[in-house]
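Enquirer: Provide a 3D model corresponding to the input given below.
(2 chains)
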Amino acid sequence: MKVYLGEFEELVLLTIATLGDEAYGVAIKESIEQRCDREISIGALHSTITRLEEKGLLKSWMGGATQERGGRRKRFYEITPAGKNALTTTKNQRDELWSLSKIQLSPSK
Amino acid sequence: MKQHHPPRLAEKIFSWYCGLAKIEDLQGDTEEIFYHNLKTKSPLRAKLIYCKQVTSLIFSYAIRKRKKDARYGVYSSHSFHFAMLRNYIKIAVRNIYRHKYFSLINVIGLSIGMSVSLLLISLLAYVKSYDDFHLNKNHIYTISSHYKEGVEEYDLSSSPIVLADKIKNEFAGAEQLVRINSSFNGKVVLKNENIPLRGYYADPGFLSLFTFHLLEGNPSLVLSQANSIVLTETAAIKLFGRTDVVGKIVEMEDAGSFQVTGLLKDYSKNSHLKFEALVSYSSLPVSTSSAEDQWTNYRNQYIYVYLPDAQAENKMQDYLNRVAEKTYTTFPTKVTFVVRPLSGLVTKDLRNAIGPKWEASGFWVFGLIALLILLPACFNYTNISIARALKRSKEIGLRKTMGGQKDQIFIQFLMETIIITLISLVGALLLFLVGRSEFQSMLVDAASTDLSLNVKNVALFVAFALLTGTIAGILPAFYFARLNPIQALKSQVQGNFFSGMRLRKILTAFQFALTFGFILCLVVFGRQYRYSLHYDFGFHKENILNVALKHSNAQIAKTEFSKIASVQTVSLSSGRLGLGAPTTRVRHTDSTDSSEVAQLFIDDQFIPNFGLKLIAGSNFQNENFAEEQSIIVNEQFLKAFKVKHAQDVIGQTYTVDGKELKVIGVLNDFHFSSLMVPIKPFFFRTNPAEYQIANLKIVSDDAYGSVTAIENAWKGMGQDEKMEARFFDDEIDEAYDFYETLLKIVGFLGLLALSISLLGLLGMVVYTSENRTKEVGIRKVMGASNFSITVLLSREYIKMMLIASAIAIPITIAGLEFTLPNIQHYYTSVNAWDVLLSLFILLAMGLATLSSQTLKTASTNPADTLKQE
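Expert: Below you'll find the predicted structure:
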């Protein structure tokens, strides 16, 4: 099955990958905000996460009770093998395009 | 340090919106962000961000998906399906059809309830449409005056006409200024008779400022010449019987002749300017009065001006403020001018308005009444629907089990109500069409009110029906939406606030309280009317014929009338007693304090003729009336001038209109004005020049013969005018005619409220009787009598009526005791008989309705009912 990743979807997946065991809502949001210097709403983030889950690229589980956030549990996310495949496919496509480029794309050092 | 929390309302809304969906992690996320923000940002800012986050979540796909996952059944969906809509309509129609009896009760009740509101809506729409046919409607302004002298202060819609010239000369940007003088009002001399014609003197710019369509003539020229007149089509046909009238001459009785220069198409009724003819302003005789008079004369003078935008309006207002300030520095009166836009002008409370006046307060009262009629009808629906919940609970249980969501059930029941109200709208429309003309005749400006149906009105009506449906259906819809599917399927409808008898009792009690209020008002107003008619005014009003003197000589008329056999005495007066009198300022000759005192001019026969009682001094003697010397005062006059004993005032002189007049008599107080106002200081004077009416005391039983004899005498005096004679008691009674209208309105509304409440009662009692047939059967088998069962079934409702009346009595009495003195100063208080009579009427009607059902149920054969199932 072919899966296409949107820009934001890719960003979310990769961020989850970087966070490892600590990938839950707020952590993902803050990580993206810091790295990309852009403000994202929690609603938009969760919408994207929900869609990724529906596509089977992510899976989630509930963590244990927490001290902060009113004792509420966190939902952690993990990339599925399908997610990894989708990321690899995307990356390969990009790399191929970069290497085939007839002009100098990255600024010369 | 104060502990801050995320905004609780936002939290609540969020968890309410998500319902059964699992959102623990999302709540945790938002809360974590909040506490994180608290460290770096102000609490308020953190809260705002929290709200923003929650909102973004509510509208996000994440929540939609989670809610979908949390649904009851696999088929449920939150998206709105057309197929379901069709199903709702089908079920609603089947239900209406199957329960014909209840549907009929609901439709009749709602039709009645809505009909009054339809009248209000159409009237409001009409009043709102005033003057909307002018192309310049948003740019036309009128300049009105605010008048203040001493304690007197009011708004006038007119303004001194010299102001118009001043504006024209000094204010740049008021080129399109039109003066209107509404005093063109006289009779046109024709071959056979003289026909009255009303119109305006208007500047030539009139036809370009306002949009009145000229059929013949040049709009810029028709009003430019002196003695030009423009007729409307109707006026042309009235005067000449045809419309090709341009060039003809209109001969006015007092104002000379005018040439017809144009013909105007009849304008629509919703124009606040109402005229049959327009006359060039230059035809108006030039005023020769002093400057002060010109600045304080507002009569019939109106200024309209075209202002392009709000900025110009403000500039004009500033300019007018300066003018008023400069002009009225030396005058005793203080006047300011106000620029008012044309739209909404008819609803402003302005004195001497050029057109009709639709006061906003009247609409509030009308709106309240319409609501008081509409709400009971809505409550009927609410009551009957909830009472019948048991019958629908299986359907709802099934729907919910199959995946029906709360909001879908809600929409279904709301739609059912709306279908009922739309059917009722047809009934209401029929009632509206029937009652329209009667309603119109009660309005201030009946002739020019147009309540005909048009697309806009019908659209408003439908919107109103939707709103009514929502009001009536929202409680049942909520109730049904909240039902627990398991209990609903088992027909175990739990008794919470909505289903429990409590809400229904409150609503029914409200209806009865309202009905009782209307009945009591009707009874009290009726008694008030009779009270006013039989009130002792302090003078005789029987057998007196008032004849208007018109141009005839008072003394000759008196002599001629006295010769008639059936006429006992004849007196002369300047006005009619009991219907008010003009006032003048009076001061004691030795003092400077003046008072407002009402006056009438009479002759020496007047006081005995009307049976007025002197308590001191004497009547006017045979003195020279033309040279006024003496006056006769009433008791209030003494009070106003702080005289203790009636005897003390005899011989005192008072200055009136520059004359020194001596008091020769004091009269008992009598109602020279209507009963609506308290008796005020009053005195009689004797100036033959002021006489306008001959008061003939008739002693014959043959009223017709007497009037004929008087008419002959009138003709014998060489009068070519028609005699105008009225019996005095008729004239007095006529002043209280408004009670009849009031009684008609209150009676009609009371009837509506009563029939709606009774319909509701009928619905409820039919339902209870149906539900309790088995119980009744068992009771009868066990030996209960028909009577005891009837009592059993009616008891609850009778109790409710009594409680409702107990609540309504103090409220209604307080309302009436507040209203009555405002209608009439001399009024009769509500008494116990009024209350008892009203209570009797309510109970009698209620019992009749109840017994129609309970008797039937009680007398059924238990063998039949128990076999049922």
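Enquirer: what about residue B:321, neighbour count?
Expert: By the other CB atoms under 10 Å in any protein chain shown criterion, the neighbourhood of residue B:321 contains 13 residues. Bear in mind the C-beta positions are built from the backbone N, C-alpha and C, glycine included.
Enquirer: just the element for it, please.
Expert: helix B:310-327 (DSSP states H and E).
Enquirer: count the neighbours of residue 51 for me.
Expert: Because you didn't say which chain, this covers chain A. The number of residues near residue A:51, taken as other CB under 10 Å, comes to 18.
Enquirer: chain B was what I was after
Expert: Neighbours of residue B:51 under the rule other CB under 10 Å: 18.
Enquirer: tally of neighbours for the nearest residue to it once chain neighbours are set aside?
Expert: Leaving out its chain neighbours, the residue that sits closest to residue B:51 by CB to CB, 6 or more residues apart in numbering or on different chains is residue B:10, at 4.9 Å. Here the number of neighbours of residue B:10 (other CB under 10 Å) works out to 19.
Enquirer: tell me if residue B:10 really is in a helix.
Expert: Yes: counting by DSSP: H, G, I helix; E, B strand; the rest coil, one finds residue B:10 located in a helix.
Enquirer: list the contacts for it?
Expert: With contacts defined as CB atoms under 8 Å, 6 or more residues apart in numbering or on different chains, residue B:10 is in contact with B:50-51, B:54.
Enquirer: in the helix holding residue B:321, which residues are buried?
Expert: Going by neighbour count (16 or more other CB atoms under 10 Å in any protein chain shown), the buried part of helix B:310-327 is B:312-313, B:315-317, B:319-320, B:323-324, B:327.
Enquirer: immediately after it, which helix or strand?
Expert: In N-to-C order, the element after helix B:310-327 by DSSP H and E is strand B:334-341.
Enquirer: can you tell me the closest non-neighbouring residue to the closest residue to chain A within the stretch 51-200 of chain B?
Expert: The minimum distance from the stretch 51-200 of chain B to chain A, using CB to the nearest CB, falls at residue B:56 (3.0 Å). Counting by CB to CB, 6+ apart, residue B:56 lies nearest to residue A:43, which is 3.0 Å off, once chain neighbours are set aside.
Enquirer: got the confidence number for that neighbour?
Expert: Per-residue confidence (pLDDT) for residue A:43: 89.
Enquirer: secondary structure element holding it?
Expert: Under the criterion DSSP H and E, the helix or strand holding residue A:43 is helix A:42-54.
Enquirer: contacts for that helix?
Expert: Applying CB under 8 Å, 6+ apart, the contact partners of helix A:42-54 are A:8-9, A:12-13, A:25, A:28-29, A:32, A:58-60, A:77, A:83, B:26, B:29-30, B:33, B:53, B:55-63, B:65-66.
Enquirer: just the CA trace of that helix, in CSV.
Expert: Extracted C-alpha coordinates of helix A:42-54, given in CSV (Å, rounded to 0.1, in the frame of the first residue of the first chain):
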residue,chain,number,x,y,z
ILE,A,42,-2.8,21.5,20.0
GLY,A,43,-6.0,20.9,18.0
ALA,A,44,-4.1,20.8,14.7
LEU,A,45,-1.4,18.6,16.2
HIS,A,46,-3.9,16.0,17.5
SER,A,47,-5.9,16.1,14.3
THR,A,48,-2.7,15.1,12.4
ILE,A,49,-1.8,12.5,15.0
THR,A,50,-5.3,11.0,14.7
ARG,A,51,-5.0,10.8,10.9
LEU,A,52,-1.5,9.2,11.2
GLU,A,53,-3.0,6.6,13.6
GLU,A,54,-5.8,5.9,11.1
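Enquirer: buried residues in it?
Expert: Of the residues in helix A:42-54, those with enough neighbours to count as buried (16+ other CB under 10 Å) are A:42-53.
Enquirer: same question for stretch B:90-108.
Expert: Judged by neighbour count using 16+ other CB under 10 Å, the buried positions of stretch B:90-108 are B:91-92, B:95-96, B:102-103, B:105-108.
Enquirer: so, low pLDDT: which residues of the stretch 1-150 of chain B?
Expert: For the stretch 1-150 of chain B, the stretches flagged by pLDDT under 70 are B:1-2, B:71-81, B:150.
Enquirer: related to what we said a few turns ago, tell me the contacts of the residue of the stretch 51-200 of chain B closest to chain A?
Expert: By CB under 8 Å, 6+ apart, the contact set of residue B:56 is A:41-44.
Enquirer: can you tell me the element it falls in?
Expert: Residue B:56 belongs to helix B:43-58 when elements are defined using DSSP H and E.
Enquirer: can you show me the strands along the stretch 601-750 of chain B?
Expert: Read by DSSP state E, counting those that start in this stretch, the stretch 601-750 of chain B holds these strands, from start to end of the chain: B:614-617, B:630-634, B:653-656, B:659-667, B:682-685, B:693-698, B:725-727.
Enquirer: other SSEs contacting the shortest one?
Expert: Under the contact definition 3 or more CB pairs under 8 Å, 6 or more residues apart in numbering or on different chains; DSSP states H and E, strand B:725-727 sits against strand B:544-548, helix B:703-716.
Enquirer: in that strand, what counts as buried?
Expert: Neighbour counts using 16+ other CB under 10 Å place B:725, B:727 of strand B:725-727 among the buried residues.
Enquirer: now the longest one
Expert: Buried residues in strand B:659-667, counting neighbours by 16+ other CB under 10 Å, are found at B:661, B:663-667.
Enquirer: measure residue B:15 to residue B:29 for me?
Expert: Counting by CB to CB, to the nearest Å, the gap from residue B:15 to residue B:29 is 14 Å.
Enquirer: and these two? which has more neighbours close in?
Expert: Ranked by neighbour count (other CB under 10 Å), residue B:15 and residue B:29 place residue B:29 first, with 26 against 13.
Enquirer: got a list of what that one touches?
Expert: Residue B:29 makes contact with A:24-26, A:29, A:42, A:69, A:74 under the criterion CB under 8 Å, 6+ apart.
Enquirer: selecting buried members of the residues you listed in PyMOL, what would you type?
Expert: Isolation of the buried members of the contacts of residue B:29 (16+ other CB under 10 Å) is achieved in PyMOL through the command below:
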select buried, chain A and resi 24+25+26+29+42+69+74
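Enquirer: out of the contacts of residue B:29, who's nearest residue B:191?
Expert: For the contacts of residue B:29, the closest approach to residue B:191 (CB to CB) belongs to residue A:42, at 91.4 Å.
Enquirer: nearest residue to residue B:771 in space, please, no chain neighbours.
Expert: With sequence-adjacent residues excluded and distances taken as CB to CB, 6+ apart, residue B:771 is closest to residue B:390, at 7.9 Å.
Enquirer: how many residues are close by the one you found?
Expert: Neighbouring residues of residue B:390 were enumerated by other CB under 10 Å; the total is 15.
Enquirer: do residue A:85 as well
Expert: In terms of burial, residue A:85 registers 14 neighbours under the definition other CB under 10 Å.
Enquirer: hmm, the helix or strand containing residue A:35 in reach of chain B?
Expert: Per DSSP H and E, residue A:35 falls inside helix A:25-36. Yes: using CB under 8 Å from any CB of the partner chain, helix A:25-36 comes into contact with chain B via A:25-26, A:29.
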